[in-house]
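Chemist: Take a look and give me a structure for this.
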Amino acid sequence: MSAAIDSHDHDDHEHHGAPTGIKRWIYSTNHKDIGTMYLIFSFVMFLVGGLLALIIRAELFMPGLQIVEPDFFNQLTTMHGLIMVFGAVMPATVGLANWMIPLMIGAPDMALPRMNNMSFWILPFAFTLLAATFFLPGGAPNFGWTFYAPLSTTYGPPSTDFFILAVHLLGISSIMGAINVIVTVMNLRAPGMTYMKMPLFVWTWFITAFLLIMVMPILAGVVTMMLTDRHFGTAFFDAAGGGDPVLFQHIFWFFGHPEVYIMILPAFGIASTIIPTFSRKKLFGYSSMVYATASIALLSFIVWAHHMFTTGMPLFAELFFMYATVIISVPTGVKVFNWIATMWRGSITYETPMLYAIAFVILFTIGGFSGLMLAMAPVDMQYHDTYFVVAHFHYVLFPGAIFGSIAAVYYWMPKWCGRMYNEKLAAVQFWLSMIFVNITFFPMHFAGLAGMPRRIPDYALQFADFNMWSTYGAFGLGITQLLFIYILIDCYKRGKPVGTQVWEGAEGLEWTVPSPAPHHTFTVPPTIK
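Modeler: Numbering: from 1, shown residues only. Model (predicted):
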């Protein structure tokens with residue numbers, strides 16, 4: 001089928017004199033092209049962010065100064081966080097949304113194709129700005145990815161202004177992508193596809209898009225306040241001028257906590273697509289999954305100050321945020337229960353996407369449990385700003401968001417290019433990733449519980465063994481991802497051709513109607529008007 005589409009597409013280009021070569025990608029308004037560009041961009045950013053992480057881990061391999069100065073170490077931790085969150089995880093899920101949402105709802109393309117093109121092309125410029133900060137006087141931002149004031153306002157290096165502009169651009173790109181998803185899902189569903197018949201991946205992205213539209217302006221607001229504090233004499237975050245540095249944390253985390261769910265909800269949708277396919281069963285509790293996703297999104301707005309228990313808030317506020325955080329774990333637990341119930345007594349086969357999906361459920365749940373520990377205000381006083389927190393959010397993000405995205409690529413890659421990847425090599429890549437991700441991040445729990453603070457380039461001798469293990473794991477994990485590149489290129493170049501039914505028993509579970517051959521000029525078919 002894919003080959004037929006490709007040849008049809010090629011004839012179409014020839015016929016209409018559409019751009020070819022590099023121009024085809026620059027000008028493309030076709031959801032498949034744009035989805036591919038998002039995925040390639042996010043993978044490049046993943047490798048760049050991973051490289052920064054490996055320098056961080058090399059410095060932490062043993063106590064004492066080894067390879068980088070303390071200030072440069074802080075620049076690395078800041079840029080690693082920013083690149084991974086805004087450059088790797090988010091564009092990956094946007095790329096998957098671009099590819100799959102039109103196919104899953106029977107739409108001919110995304111609703112706003114030119115805006116789609118623009119929302120992608122903003123990203124390379126924003127990250128070029130961010131990367132350029134390494135070469136400016138004073139170096140890159142060194143205040144952590146959360147850029148707390150007054151570290152970023154009063155004491156930030158000159159490159160902070162580049163960082164502020166880059167964050168604005170990223171926000172604009174995200175808002176445009178989110179508008180596109182919402183308009184597409186609301187207006188271009190195939191006849192007969194009601195909301196409660198949409199695949200769960202579409203649902204999770206639909207809800208994520210609303211989250212993006214609500215929180216990105218908050219991020220824009222806080223970086224604008226930073227800018228005026230730095231250059232225009234305001235004192236939003238300066239206590240000497242009547243402002244409050246803790247106000248920054250409130251505004252940032254009011255954006256930052258829903259942002260965490262923006263990164264993980266699409267991965268929930270991916271797991272809910274893959275697990276039924278390889279269990280040969282319908283998803284258990286479809287409607288409860290939809291309501292759980294929506295309630296997670298709503299509750300994510302009232303838990304932000306659990307990041308701030310040590311700032312000295314009143315007791316009633318501590319209690320409120322503690323209870324609200326425990327409550328948000330309930331719909332998450334519903335999801336985990338439903339995934340397990342879907343697998344229960346299913347005819348499970350363990351192809352690579354399913355391996356990743358199962359690993360996602362197990363390891364994400366470990367991250368959820370450490371999150372519950374951090375939700376307890378008195379306990380968090382001890383854990384706060386230790387490596388326990390680093391272990392917690394890396395368990396949610398690496399085996400969560402990143403394993404989810406890798407699972408999706410393996411699952412849909414044969415549909416995208418009409419070829420099958422090397423299953424044996426992919427399984428090797430999975431098991432190596434699984435082993436190394438745990439060697440990297442599990443010891444961090446113990447280092448944190450023993451009292452090792454985060455964001456420091458040097459540490460006391462008693463933490464040496466934990467850090468050594470984490471560094472071994474990190475380098476293993478990094479090298480394993482190079483195998484992933486090889487598998488993808490090998491699939492595209494030499495993979496065995498596949499028919500329309502890629503996964504045995506999966507037909508009908510996945511999408512309603514395949515989208516027609518991609519056109520670069522977009523017209524709405526009469527059936528959908």
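Chemist: what kind of secondary structure is the residue nearest the centre of the chain in?
Modeler: The C-alpha lying nearest the average C-alpha coordinate of the chain belongs to residue 89 (CA atoms, centre = their mean; 2.7 Å). Under DSSP: H, G, I helix; E, B strand; the rest coil, residue 89 falls in the helix class.
Chemist: contacting residues for it?
Modeler: 42, 263, 397, 401-402, 405 (CB atoms under 8 Å, 6 or more residues apart in numbering). C-beta coordinates here come from the backbone N, C-alpha and C atoms, glycine included.
Chemist: longest helix in the chain, by residue count?
Modeler: Criterion DSSP state H: the longest helix present in the chain is helix 245-279.
Chemist: could you measure residue 326 against residue 294, distance?
Modeler: 19 Å (CB to CB, to the nearest Å).
Chemist: Over to residue 212?
Modeler: Residue 212 is 15 Å from residue 294, by CB to CB.
Chemist: Give me the more crowded residue out of the two.
Modeler: Ranked by neighbour count (other CB atoms under 10 Å), residue 212 and residue 294 place residue 212 first, with 25 against 16.
Chemist: Could you list which residues are in contact with that one?
Modeler: 174-175, 177-178, 262.
Chemist: farthest-separated two in the residues you listed?
Modeler: Spatial extent of the contacts of residue 212 (CB to CB) is set by the pair 175 and 262 at 11.9 Å.
Chemist: Report pLDDT for residue 221.
Modeler: pLDDT, residue 221: 98.
Chemist: Spatially nearest residue to it, not counting backbone neighbours?
Modeler: residue 251 (6.8 Å; CB to CB, 6 or more residues apart in numbering).
Chemist: can you check residue 55 too?
Modeler: residue 76 (5.7 Å).
Chemist: what's the following helix or strand after the lowest-mean-pLDDT helix or strand in the chain?
Modeler: Here the helix or strand of the chain ranked lowest by mean pLDDT, DSSP states H and E is helix 2-16, holding a mean of 44. Per DSSP states H and E, the first helix or strand lying C-terminal to helix 2-16 is helix 21-27.
Chemist: Can you list the buried residues in that following helix?
Modeler: residue 25 (16 or more other CB atoms under 10 Å).
Chemist: CA atoms of it as PDB?
Modeler: Output of helix 21-27 as PDB, limited to C-alpha atoms (Å, rounded to 0.1, in the frame of the first residue of the first chain):
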ATOM      1  CA  GLY A  21      14.700  17.800  -3.300                       C
ATOM      2  CA  ILE A  22      15.400  20.100  -0.300                       C
ATOM      3  CA  LYS A  23      12.600  22.500  -1.300                       C
ATOM      4  CA  ARG A  24      10.000  19.800  -1.000                       C
ATOM      5  CA  TRP A  25      10.900  19.600   2.800                       C
ATOM      6  CA  ILE A  26      11.200  23.400   3.300                       C
ATOM      7  CA  TYR A  27       7.800  24.200   1.700                       C
END
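Chemist: Quick one: list the elements packing against whichever helix or strand comes after it.
Modeler: Next along the chain after helix 21-27, taking DSSP H and E as the criterion, comes helix 31-59. Judged by 3 or more CB pairs under 8 Å, 6 or more residues apart in numbering; DSSP states H and E, the packing partners of helix 31-59 are helix 21-27, helix 70-82, helix 90-105, helix 113-132, helix 403-417, helix 464-494.
Chemist: mean confidence score for helix 31-59?
Modeler: 97.
Chemist: Kindly provide the distance from residue 250 to residue 317.
Modeler: Taken as CB to CB, the span from residue 250 to residue 317 is 11 Å.
Chemist: actually residue 207, not the one I wrote
Modeler: For residue 207 relative to residue 317 (CB to CB), the value is 27 Å.
Chemist: what are the ranges of the strands in the stretch 251-400 of the chain?
Modeler: Counting by DSSP state E, counting those that start in this stretch, the stretch 251-400 of the chain has no strands at all.
Chemist: Run through the helices of it in chain order.
Modeler: 286-299, 315-343, 352-375, 377-383, 387-396 (DSSP state H, counting those that start in this stretch).
Chemist: What angle do helix 286-299 and the second one make with each other?
Modeler: Between helix 315-343 and helix 286-299, the angle comes out at 160 degrees (axes from the mean of the first three to the mean of the last three CA atoms, to 10 degrees).
Chemist: now swap in the last one and tell me
Modeler: Comparing the axes of helix 387-396 and helix 286-299 via the same axes, to 10 degrees yields an angle of 140 degrees.
Chemist: quick check: mean pLDDT across helix 387-396?
Modeler: Averaging pLDDT along helix 387-396 gives 98.
Chemist: Which elements pack onto it?
Modeler: helix 245-279, helix 352-375, helix 423-449.
Chemist: try the fourth one
Modeler: Taking 3+ CB pairs under 8 Å, 6+ apart as the contact definition, the neighbouring helices and strands of helix 377-383 are helix 315-343, helix 352-375.
Chemist: Contacts for it, please.
Modeler: By CB under 8 Å, 6+ apart, helix 377-383 touches 306, 309-310, 318-319, 321-322, 373-374, 389, 448-449.
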